[in-house]
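In: Model the following, please.
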Amino acid sequence: MQSGKFSFFKMSIIRFAALPSLHRKILMGSVLLFGGAFLLPQNQQLLSQRIPVELDIEALISQSSSASVSHVLIESPRFEKVIVTGDTLSGLFEQGSVDQQTMYRVLEADLNVLALDTLQPGNQIQFWLDEAGELEKLTLYFSAARQVTYSRFDDGSFNVDEINIEGIWRNRSVVGEINGSFYLSAKKMGLNAAEIQGIESLLKEKLNFARDLRAGDKFSVLMNDQFIDGVATGSSNILGVTIDRGRSSINAYQFSDGNFYDEKGRSLARAFQRIPLTRNYRISSSFNPNRHHPVTGRTSPHNGTDFATPIGTKIIAPGDGIVSLVTDHRFAGKYVVIEHGNKYRTRYLHLSKSLVHKGQRVSRGQVIALSGNTGRITGPHLHYEFHINGRAVNPMKAKIPMASQLSKKEMGAFEQLVKVRKMMMGEV
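Out: Residues are numbered from 1 along each chain as shown. Alright, predicted model coming up:
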């Protein structure tokens, strides 16, 4: 191959030398002109492809380094743990290498949601620390549907964000027969302890589960379960329940207002009253989810209504329910939480004394506590919160159940709903 190239090159030189002198000059000139034109820079092309700039190497290195640190902070918590029985909040912060003063600043931010007090075994906590070892972010993982994150501001205070994911809800029908206790019979058919307790609480005024049921009695339950990315979160709602005892039947169906009624439209729970007090007191601070701090300008929601009550004023339950929490908070003071069925929750902050205990069943109008001046507070008052489906609402304006019977206008829609639910429960 090399020999062939050399022979061709040698032959070309011989032929070029054999040309007349004029032809050789013309040919050489043409080659030079063509080559020069080809090698000339094309200004438009060069300008469109590159523009010379002065590089600040130190700045680029600094940016690259800071971006790397930010990535590590976001992706890798310094400490994370699944809560177990016996864990305490101060102990968790100590394990996460976070000092007590920082914990208090987080608790101050938590006053708006009071999530740290609700941690249970199985929940997860994560701490992100910056390069100086300071707490940058704290995340509480309650389930795939609910997380709470605390993020540090430049001044060392914290912001709190509550993330609730709706997910997808699917219906589940459970049908069974009483053989022994209702609890064991329902559990055998797939209902868990919380769901069984919800049914018993719902029908407590209609049925004594320990005394009134007999072997062979039948039950039908329609549940609504939450899924996120195809995985059950553990959250569920009762949509309908029927217990057949021979010739009699006890039933309850959840209506669009979130409350339960029998098939004739009669409420299964006594109606709420608007305020948890025996008489009206001046409202010193109204519910405001968009309240702005006068100095920082940050949004700091006021998720409740404050009543200017003297210390020792009797606080009453606005509806039937079960006490889910009685505790003492550095900033919220002594406070009580009551669960009213699947949908409603009430909170009472800054109390001087609690008159109930966790797990206790309370009735509408029952005295549950005395108002006070505990926690971070400028003067005696009751901070009252009303939650619907986990979200704080204005108790003075929210649509809460205050009637014992559906209206004639509502009955048409309710009857259609009951008909569909019965078919899904296999009753028609």
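In: mind checking how far stretch 318-336 is from the chain centre?
Out: Distance of stretch 318-336 from its chain centroid, counting by Cα atoms, centre = their mean, to the nearest Å, is 21 Å.
In: and residue 349, how far is that from residue 317?
Out: Going from residue 349 to residue 317 by Cβ to Cβ, to the nearest Å gives 15 Å. The C-beta positions use only the backbone N, C-alpha and C, and glycine is treated the same way.
In: any weak-confidence spans in the stretch 101-250 of the chain?
Out: Regions of the stretch 101-250 of the chain meeting the criterion pLDDT under 70 are absent.
In: can you map out the strands along the stretch 1-150 of the chain?
Out: Here the stretch 1-150 of the chain has its strands, by DSSP state E, counting those that start in this stretch, at 79-82, 124-129, 135-143, 146-152.
In: can I get these in JSON lines with mean neighbour count and distance to residue 344?
Out: As requested, the strands of the stretch 1-150 of the chain are exported to JSON lines (neighbours: other Cβ atoms under 10 Å; distance: least, Cβ to Cβ, whole Å):
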{"stretch": "strand 79-82", "mean neighbour count": "14", "distance to residue 344": "30"}
{"stretch": "strand 124-129", "mean neighbour count": "19", "distance to residue 344": "27"}
{"stretch": "strand 135-143", "mean neighbour count": "20", "distance to residue 344": "19"}
{"stretch": "strand 146-152", "mean neighbour count": "19", "distance to residue 344": "17"}
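In: Redo those strands as JSON lines? Include distance to residue 391.
Out: Output for those, formatted as JSON lines (distance: least, Cβ to Cβ, whole Å):
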{"stretch": "strand 79-82", "distance to residue 391": "27"}
{"stretch": "strand 124-129", "distance to residue 391": "22"}
{"stretch": "strand 135-143", "distance to residue 391": "15"}
{"stretch": "strand 146-152", "distance to residue 391": "11"}
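In: Ok, which of those strands comes nearest residue 341?
Out: Nearest to residue 341 among the strands of the stretch 1-150 of the chain is strand 146-152; the distance by Cβ to Cβ comes to 18.9 Å.
In: relative orientation of the helix or strand where residue 226 lies and strand 135-143 in degrees?
Out: Secondary-structure assignment from DSSP states H and E places residue 226 in strand 218-228. Computed with axes from the mean of the first three to the mean of the last three Cα atoms, to 10 degrees, the direction of strand 218-228 lies at 150 degrees from that of strand 135-143.
In: buried set for strand 218-228?
Out: 218-226 (16 or more other Cβ atoms under 10 Å).
In: Cool, thanks, talk later.
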